[in-house]
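Participant: return a 3D structure for these sequence lines:
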Amino acid sequence: PSFGFLFDIDGVLVRGKTPIPAAKTAFQKLVNSQGQFLVPVVFVTNAGNCLRQKKADQLSHLLGVPISQDQVMMSHSPLRMFKRYHEKCVLVSGQGPLLDIAQDLGFCQPITIETLREKHPLLDVVDHDRRPNVLVSEYFCFKILSVVLFGEPVRWETNLQLIIDVLLTSGYPGNPHHHENYPHIPVLACNMDLMWVAEAQSPRFGHGTFMVCLENIYKKITGKDLKYEALMGKPSKLTYQYAEYLIRAQAAERQWKQPIQTLYAVGGSATLSQDDEIDNSWETELASAAAAHCRSVLVCTGVYNPHTEVPLDTRESITETVFHGHRDFRFDPGLVEPDHIVPDVDAAVDLVFQLENFSP
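Facilitator: Numbering: from 1, shown residues only. Just a heads-up that it's a prediction; the model follows:
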């Protein structure tokens, strides 16, 4: 095959934990009688609260076909390439098995917000019931050298407070704030989704909403913009380049000789964007990733609303249609318009097979 699939999960294959009926039918068309995929397939999710293997197991159960962890791309997967941070002490924010996730990605010295809170109990005082009885703080000698935001945490007030403390003290959160510590230590963030679709009738807060809070608190306190060293997860360019790298690796492993010329991104919302002012030194590691075309196929089972428009200038979003993308992304209207719109993922697979004259 000269093409591959990139599948979103939420809103395309599932809504919350409920499978979308068309998903199982679609995937029976993508495998042979032995359960092997007939074309390269990567699942691209903005979830970041579990290991790839767990997500692969969930998908295998859901779709009735065997999925390997090498076919799963979490929002944090590209962090494997950020090797210059792997040896440093990094503060990780999110939920789920954070230390396992960080170590699986290559981080040697991750520290969670919860551990930091235990070391500095005086810092977290919003919840009166969690305030320390004894006013003493444990000595914590490590300097935190960067912050990694994996996904939305559970206790937003704790994470917001401690991350701000780390940024305003250059990594020594027990010290007094110094607003002149700018630019602050590096922040790497995964998954900028403002909202996501679960079983509720309306979309729910995503990690992008947490990031909006963090950015605005930082700006209100310092008068300066919070800067990101890298943003990953859909719809960042980095995420699609890394997904393409995984597609090529899959094709090579199966010893498919034909070069991959077209990628079909099957999603529940607008896909690609342009990233502003983000460090692109990782691009050299993905130099070989260059499919001739990436085509977007939009399904109507996700966040997509056919009646909304994207404003040309995202800074003018108050007067035009409201822009739900991240602050540092500018959307090219040409990239927001999908190449194809179909009812569901089964129709998407049928369409791609037809476009490629592919008969399993």
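Participant: quick one: the strands in the stretch 251-360 of the chain?
Facilitator: Taking DSSP state E, counting those that start in this stretch as the criterion, the stretch 251-360 of the chain carries its strands at 262-267, 274-275, 293-299, 329-330, 340-342.
Participant: and the closest residue to P338 other than its chain neighbours, how many neighbours?
Facilitator: Spatial nearest neighbour of P338, excluding adjacent residues (CB to CB, 6 or more residues apart in numbering): L298 at 3.8 Å. Every residue, glycine included, has its C-beta placed from N, CA and C. Neighbour count for L298, taken as other CB atoms under 10 Å: 23.
Participant: beta partners of L298?
Facilitator: Beta-bridge partners of L298, counted by DSSP bridges, are G267, I341.
Participant: from here on, count from 15
Facilitator: Sure, I'll start numbering at 15, so the last one becomes L312.
Participant: correct me if wrong: it contacts V359.
Facilitator: No - the pair L312 and V359 does not pass the contact test of CB atoms under 8 Å, sitting 11.0 Å apart.
Participant: hmm, back to that, now do the residue nearest to P352 against L137, distance only.
Facilitator: 44 Å (CB to CB, to the nearest Å).
Participant: P197 too?
Facilitator: On the measure of CB to CB, P197 and L137 end up 23 Å apart.
Participant: all helices of the stretch 215-364 of the chain, in order?
Facilitator: When secondary structure is read from DSSP state H, counting those that start in this stretch, the stretch 215-364 of the chain shows helices at 221-236, 251-267, 347-350, 359-369.
Participant: can you tell me what sits against the last one?
Facilitator: Under the contact criterion CB atoms under 8 Å, 6 or more residues apart in numbering, helix 359-369 has outside partners 17, 19, 21, 26-27, 34, 36-37, 39-40, 43-44, 278, 280, 311, 313, 315, 354, 356, 372-374.
Participant: in ChimeraX, how would I select just the buried ones from those?
Facilitator: The following ChimeraX line selects those of those that are buried, judged by 16 or more other CB atoms under 10 Å:
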select :17,19,21,26,27,34,36,37,40,44,278,280,311,313,315,354,356
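Participant: quick one: low-confidence residue ranges for the stretch 115-264 of the chain.
Facilitator: Scanning the stretch 115-264 of the chain for pLDDT under 70 picks out the ranges 149-155.
Participant: just put the helices of the stretch 215-364 of the chain in CSV and tack on mean neighbour count and distance to L182.
Facilitator: Converted to CSV, the helices of the stretch 215-364 of the chain look like this (neighbours: other CB atoms under 10 Å; distance: least, CB to CB, whole Å):
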stretch, mean neighbour count, distance to L182
helix 221-236, 18, 7
helix 251-267, 19, 28
helix 347-350, 13, 36
helix 359-369, 20, 45
